[in-house]
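>>> 3D, please:
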Amino acid sequence: MHEAHAEEFGTAPLPCARVQSNAELATLSHFNIKHGDDMGSKTLRARLLGKHANISVLTANLGLSSAFIKTVVRSVHNGALPLKGRRFAVFVTFTEMPYLPEYIYRHLDFLNANGFNVIVVSNSKQIDEPSLQQLMFRSIAILERPNIGYDFGAYRDGVLWTFKEFGTFDQLLLTNDSVFGPMDLRSDIFKKAFAVDADIVGLLDSLEICYHFQSFWLLFNRKVIASDKFYNYWATCPYFPDKVTVVRKMETKILDYFLKMNFTGETLFQVHHVTKRAIQNFQREIDSLSISNEYEVADADAAPETTARKPRFGQHGANFRTRINYLRHVVSALNHGVPMNPSIFMWRTLLLDMNFPYIKREIFTKNSVREPNILSAYEVTASCGYPVDLITNYLRGGR
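Take a look at the predicted model:
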């Protein structure tokens, strides 16, 4: 491991396997390959290794001498889709169930429709056969691995596998199943992303913890991919054992790492624009709720025997005052420069005003910021064209 990179991550180097030949490489434990009926194991191994007759030459050219960094991939399944162009996407998924929820398939279909060769990396303990078949129909390969290092550990293994398989490529998207979307399959988000003149294109940035691009969607272009710094970054990434450390050491640091290497980055949605619009929307809602609450109280006072006080907001029953207090707190924090995650606090503005293509899954599963009237997220998502049954089926533990 390069010392500068090791010091930045604050961890010991990863174990490496010295390989001198393809025969040695093929015996490494992470080459436990499962194959489809249409391709035998010998053919698949030839496909994996044939492009680089000597893997030590490849790693030497990338600044890694003859060291081949191990991954924790335990099996590789051949996808059914043929290669198309030099645009790749590593899609990471994790579920406690043996089957995959259907919202994932919609996301994969969207990636395929926009010209990506999709490599699915599963951190799940197992994938049942019907789910595996669905993934095969939508990918060129499925990598199974234990959930070591969380999303960034899976990104790492997916990137290294793609390099080993194809040598280099023009574009690489890193994305995962932490979002529902796209809202509309006709979204032109990739058309906009491909037009951006930057080495790294993010979907949305954030000031939470420090300035960074949110890691559920990162697009790398040819200049950075072709640099040995890109491969070195992933080859020397450690597997951190907890999510908090992954966020602080990886998600919030990857952009800064490449900017220091003189690469450029840009997001399609900028946090300062989103924040400005969100504050305006929050204030309008505060004013509207304040007026509505006055009418509700007046009606209750006028006819107390038949009309109880109705401290409700819409059909979901969230208390007016609770909602107003929440919004005032958020507006005050934003006006005082408190960094807040726009994908969590400003999702309504992103979806309704800015045509943002995704909504974070944790809004439905956790509501970690305890936003009142969060159930309206279903209505907002449906109004944007997303099939809400994909969300409800997932939350109920179904497919």
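
>>> Helices along the stretch 251-399 of the chain, start to end?
254-260, 271-302, 320-335, 342-345, 347-354, 362-365, 376-383, 389-395 (DSSP state H, counting those that start in this stretch).

>>> which one of these has the lowest average pLDDT?
If you rank the helices of the stretch 251-399 of the chain by mean pLDDT, helix 271-302 sits at the bottom with a mean of 78.

>>> domains of the chain?
Per automatic domain parsing, the domain ranges recorded for the chain read 73-269, 271-395.

>>> any idea which of these is most buried?
Mean neighbour count, computed with mean count of other Cβ atoms under 10 Å, is highest for domain 73-269 among the domains of the chain, reaching a mean of 19. All C-beta atoms are positioned from the backbone trio N, CA, C, and that covers glycine.

>>> Go through the helices of the stretch 251-399 of the chain and name the closest to R222.
Nearest to R222, of all the helices of the stretch 251-399 of the chain, is helix 254-260, at 13.8 Å by Cβ to Cβ.

>>> what sits up against that closest one?
For helix 254-260, contacts defined as Cβ atoms under 8 Å, 6 or more residues apart in numbering pick out 8, 199-200, 202, 210-213, 215, 218, 224, 229-230, 233, 265.

>>> From those, which land in strands?
Restricting those to those inside strands, with DSSP state E as the criterion, leaves I200, G202, H212, F213, L218, G265.

>>> and which of these is nearest to I344?
Compare each of the ones in strands among the contacts of helix 254-260 with I344 using Cβ to Cβ and the shortest gap goes to H212, at 14.5 Å.

>>> Please name the residues that touch that closest one.
If you count contacts by Cβ under 8 Å, 6+ apart, H212 has them with D205, S206, E251, T252, K253, I254, L255, D256.

>>> Repeat that for I363.
By Cβ under 8 Å, 6+ apart, the residues touching I363 are I344, W347, I374, A377.

>>> does the nearest residue to the second one once chain neighbours are set aside have beta-bridge partners, and which?
In this case it means W347. The shortest distance from W347 to any residue that is not its chain neighbour, by Cβ to Cβ, 6 or more residues apart in numbering, is 5.6 Å, and that residue is I359. Beta-bridge partners of I359, counted by DSSP bridges, are F180.

>>> My guess is I359 contacts F180. True?
Yes. Here I359 lies in contact with F180, judged by Cβ atoms under 8 Å, at a distance of 5.3 Å.

>>> The spatially most central residue of the chain and Y358, how far apart?
Per Cα atoms, centre = their mean, the C-alpha nearest to the average position across the chain is that of F216, at 2.1 Å. Taken as Cβ to Cβ, to the nearest Å, the spacing of F216 relative to Y358 amounts to 8 Å.
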